[in-house]
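Peer 1: Structure, please.
(4 chains)
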Number of protein chains: 2
Amino acid sequence: MATPLGEKIRDLRKAKGYTLDRLAELSDSSKSYIWELENKNPPRPSAEKIGKIAAVLGVTADYLIDPTDAIKVEDATDNAFFRKYREMDPTTKEKIRRMLDVLGDDE
Amino acid sequence: MATPLGEKIRDLRKAKGYTLDRLAELSDSSKSYIWELENKNPPRPSAEKIGKIAAVLGVTADYLIDPTDAIKVEDATDNAFFRKYREMDPTTKEKIRRMLDVLGDDE
DNA sequence: CAAAAAGTATCGCTACTCCGAACAAATATG
DNA sequence: CATATTTGTTCGGAGTAGCGATACTTTTTG
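Peer 2: Here you go, the predicted model:
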């Protein structure tokens, strides 16, 4: 009955020790609405709400929005790659990005 | 008349050379709605729409949502790229990494 | 235990999302 | 030029986000 979004919000909320009411007031929402996000499907919140909730819960909006259950495992190789990538000049970065777009086409 | 969100979307759309129609179809929206997001005051899109639009434009949803200019496009682009990279299969990631090594030689 | 707090659930309402389709402006093509 | 095509703009309306009110159940706390 719960959606990925709902579970993420509840887990994060619990982890921070917030009640529905508390999270609601921190994110300019109502208790009833937070509850609906956690329990009712399908939730279709506004970007603004998700942005505020994400900020309060200390995660990115992208994480909440992503419908997959993205188990994020820290990979040292990936992180090293990203650090290196970030130091490249803009045009090189652009090239790499396009490379990924192309390679990403075939599923 | 234009909001921060609207300007961001338009700038990114133009930079990619997309028409309203093209961006609309890539992000499962309508032409008229994309236009409203870019031009009308104040837009309050759903998280889902923003997520799709952000993905198509190669930035994070957080960048589009953030009303202040705290997040730089370049950072948002890099983060969106990294997120995409991490979801690739190992052999593709390997290819990208080697690509970066090659391009990093010069300069 | 009793009271307070937290969670569950529904309803009515207003304002807004998002679309299709028609219209206008711009640009391509002959 | 004319006009075909592509792009951008506008509008009406169906459906829904998100709130406050209310009421009930479960959990916490003293």
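
Peer 1: Distance of A:Leu37 relative to A:Gly6?
Peer 2: Using Cβ to Cβ, to the nearest Å, one obtains 6 Å as the distance from A:Leu37 to A:Gly6. (C-beta placed from N, C-alpha, C; glycine too.)

Peer 1: And for A:Gly17?
Peer 2: Distance from A:Gly17 to A:Gly6, counting by Cβ to Cβ: 19 Å.

Peer 1: between these two, who's got more neighbours?
Peer 2: Set side by side, A:Gly17 and A:Gly6 show more neighbours around A:Gly6, with 20 against 7, by other Cβ atoms under 10 Å in any protein chain shown.

Peer 1: and that one, what element?
Peer 2: Taking DSSP states H and E as the definition, one finds A:Gly6 inside helix A:4-15.

Peer 1: Show me which positions of that helix end up buried.
Peer 2: Within helix A:4-15, the residues that qualify as buried are A:5-6, A:8-10, A:12-13, counting by 16 or more other Cβ atoms under 10 Å in any protein chain shown.

Peer 1: For that helix, give the mean pLDDT please.
Peer 2: Confidence over helix A:4-15 (mean pLDDT, whole number) is 95.

Peer 1: List the neighbours of that helix that are in contact with it.
Peer 2: By Cβ atoms under 8 Å, 6 or more residues apart in numbering or on different chains, the residues outside helix A:4-15 that reach it are A:2, A:20, A:23, A:34, A:37-41, A:43, A:45, A:53, A:57-59, A:63-69.

Peer 1: could you dump that helix to PDB, C-alpha only?
Peer 2: Output of helix A:4-15 as PDB, limited to C-alpha atoms (Å, rounded to 0.1, in the frame of the first residue of the first chain):
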ATOM      1  CA  PRO A   4       8.600   4.300  -2.700                       C
ATOM      2  CA  LEU A   5       8.200   8.000  -2.000                       C
ATOM      3  CA  GLY A   6       6.000   7.300   1.000                       C
ATOM      4  CA  GLU A   7       8.500   4.900   2.500                       C
ATOM      5  CA  LYS A   8      11.400   7.200   1.900                       C
ATOM      6  CA  ILE A   9       9.700  10.000   3.700                       C
ATOM      7  CA  ARG A  10       8.500   7.900   6.600                       C
ATOM      8  CA  ASP A  11      11.900   6.300   7.100                       C
ATOM      9  CA  LEU A  12      13.700   9.700   7.000                       C
ATOM     10  CA  ARG A  13      11.100  11.300   9.200                       C
ATOM     11  CA  LYS A  14      11.500   8.500  11.800                       C
ATOM     12  CA  ALA A  15      15.200   8.600  11.600                       C
END
